[in-house]
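> The sequence and its predicted three-dimensional model are supplied below.
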Amino acid sequence: MKKVLLFLYCLLPLLINAQQQVLINNVQLFNGKDNKTETVNVLITGNVITRISKDPVATNKSMMVTIIDGQQRFLMPGMIDAHWHSFMCANTMTDMMMGEQSFLFIRAARESEQTLLRGFTAVRDLAGPVFGIKRAIDQGLQPGPRIYASGAMISQTAGHGDFRLPTDPPRMSAREISRPEALGVGIIADGSDEVLVATREQLRHGAAQIKLAAGGGVASLYDPLEATQYSVEEMKAAVQAAADWGTYVTVHAYTTAAIKRAVAAGVKCIDHGHLMDEECVKLLADKGIWLSMQPFGGPNSNTYSDPKQAADSKMVGEGTDHIYQWAKKYKVKLAWGTDMLFNPAATKNQNQQVIRMKNWFSNFEILKMITSDNAQLLALSGPRNPYPGTLGVLEEGALADMLLVDGDVLKNLELLGDPEKNLLLIIKDGKIFKNTIPRP
């Protein structure tokens, strides 16, 4: 008996590190790019899709193999949220300013697990202290999506990322940085030299892309929505530093003035853009610049008790329809995200923002946007991409991120609105995180 136990003890490390295969038979596969499905069998080896075939697929008998009967259900790529805040969606503004730090990060980690269970296998995190959470997820210590982290949002004084309290001393005389800066939510930088340093600091921590605040916001404390922030020269400093590392800059901006200035500085992505005019939308199309939009204005959008913030939010929501119509007209490169902030009770509505896109797009267009299109935006990180490989599609050689849905989502997008019930299988990086497929 002791010899058997000793043998198993010696064998255990080999079993843990052994490459595994997952074979999913008999599924209706939507590949993320084409408006159709086909009945196939899908083989995953390690974290990569190695075979998709209409014929039976053989497995490697020397590997640990899991065989799953897909029962003719709908297999699609994992969803991608291109504007997420892993830390700030899990905590309130009061939490961020005064809460116990360890508790805030535990909540954010817990929320990351829920994000994955809602079917989002990757997120582009556009401001917040998430490098530690990302590392824990990547090392298997914590379930969660792939995180393309920006680190701290870089903002000018009195900009969208200036979260200092009114009682804090002026920045020029302050001896200590503010609580949000200490956490890594945002960083205040004025002038090209400071912007350059702030950009390099985020790259040093492992940022996949850089986020600048180029205009006013709704959730921020001091800047009017119509404000234009950062000069062309200041933004160029960030663009050059990012390009030197092979990645890009995206900017928070709503208005035509802010967006045109950012375009002149060489940014590759605009996040928001709800208040720009038609000419500016065409400019983005002509320049090949991405527009990462959020379907603001619906029942599950961010809400504000302050009258000014509520009015600004209403204005932004009303601009959503115009921008989507113009973006379709000029064939702008469109990405989709949610930008949920400071309301932990509302994160469960992340999937409802997918459903809201039906106001402007077909089911296929939406599914393509939240999978393969969003993946193209993630790939702009180039050598700073923390997950080299192909995401957003189900094809041989792609990374194995996928969802098995109880119903045809091309015909009924609303199925994604109830992930607990309808997402039967969730696989990220070749690992099974949920399997509730009923026995035949």
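Looks like it arrived, so ask away. Numbering: from 1, shown residues only.
> burial count for the residue lying closest to residue 113 once chain neighbours are set aside?
Leaving aside its sequence neighbours, residue 113 sits nearest to residue 143 (CB to CB, 6 or more residues apart in numbering; 4.4 Å). Heads up, the C-betas are built off the backbone N, CA and C, glycines and all. By other CB atoms under 10 Å, 20 other residues sit near residue 143.
> go on, residue 19?
Residue 19 has 12 neighbours, counted by other CB under 10 Å.
> The nearest residue to it once chain neighbours are set aside and residue 431: what is the separation?
Distances taken as CB to CB, 6+ apart place residue 46 nearest to residue 19, at 5.1 Å, with adjacent residues excluded. Look at residue 46 and residue 431: by CB to CB, to the nearest Å, they are 10 Å apart.
> for the stretch 151-300 of the chain, which spans come out with low pLDDT?
For the stretch 151-300 of the chain, the stretches with pLDDT under 70 are 173-175, 219, 221, 300.
> returning to what we had before: how about the contacts made by the residue nearest to residue 19?
Residue 46 makes contact with 19, 20, 430 under the criterion CB atoms under 8 Å, 6 or more residues apart in numbering.
> okay, which residue is most central for this structure?
Residue closest to the mean C-alpha point of the chain, counted by CA atoms, centre = their mean, is residue 123 at 2.2 Å.
> wait, doesn't that one sit right on residue 84?
Yes - using CB atoms under 8 Å, residue 123 is in contact with residue 84, at 3.9 Å.
> Touching both of those two, which residues are there?
residue 115.
> Let's verify the nearest residue to residue 435 once chain neighbours are set aside: helix, strand, or coil?
Spatial nearest neighbour of residue 435, excluding adjacent residues (CB to CB, 6+ apart): residue 425 at 5.3 Å. Taken by DSSP: H, G, I helix; E, B strand; the rest coil, the conformation at residue 425 corresponds to strand.
> Where do the domain boundaries of this structure fall?
2-78+391-435, 79-360 (automatic domain parsing).
> Can you verify residue 122 is assigned to a helix?
No - Residue 122 sits outside any helix when classified using three-state DSSP, being strand.
> That one contacts residue 401, doesn't it?
Yes - checked against CB under 8 Å, the pair residue 122 and residue 401 is within contact range at 6.8 Å.
> who's in contact with residue 119?
For residue 119, the contact set (CB under 8 Å, 6+ apart) comprises 78, 79, 351, 403, 416, 419, 423, 426.
> Surely the fourth one is within a strand?
So the one you mean is residue 403. Yes - judged by three-state DSSP, residue 403 forms part of a strand.
> Go ahead and confirm it touches residue 76.
Yes - between residue 403 and residue 76 there is a contact under CB under 8 Å: 5.4 Å.
> More neighbours: residue 122 and residue 401, which one.
The neighbour comparison of residue 122 against residue 401 (other CB under 10 Å) goes to residue 401, with 31 against 28.
> wait, what's in contact with that one?
77, 78, 121, 122, 146, 391, 427, 428, 429.
> Quick check: the gap between the closest residue in space to the fourth one that isn't next to it in sequence and residue 90.
This points to residue 122. Excluding the flanking residues, the one nearest residue 122 by CB to CB, 6+ apart is residue 146, at 4.0 Å. To residue 90, residue 146 is 17 Å away according to CB to CB.
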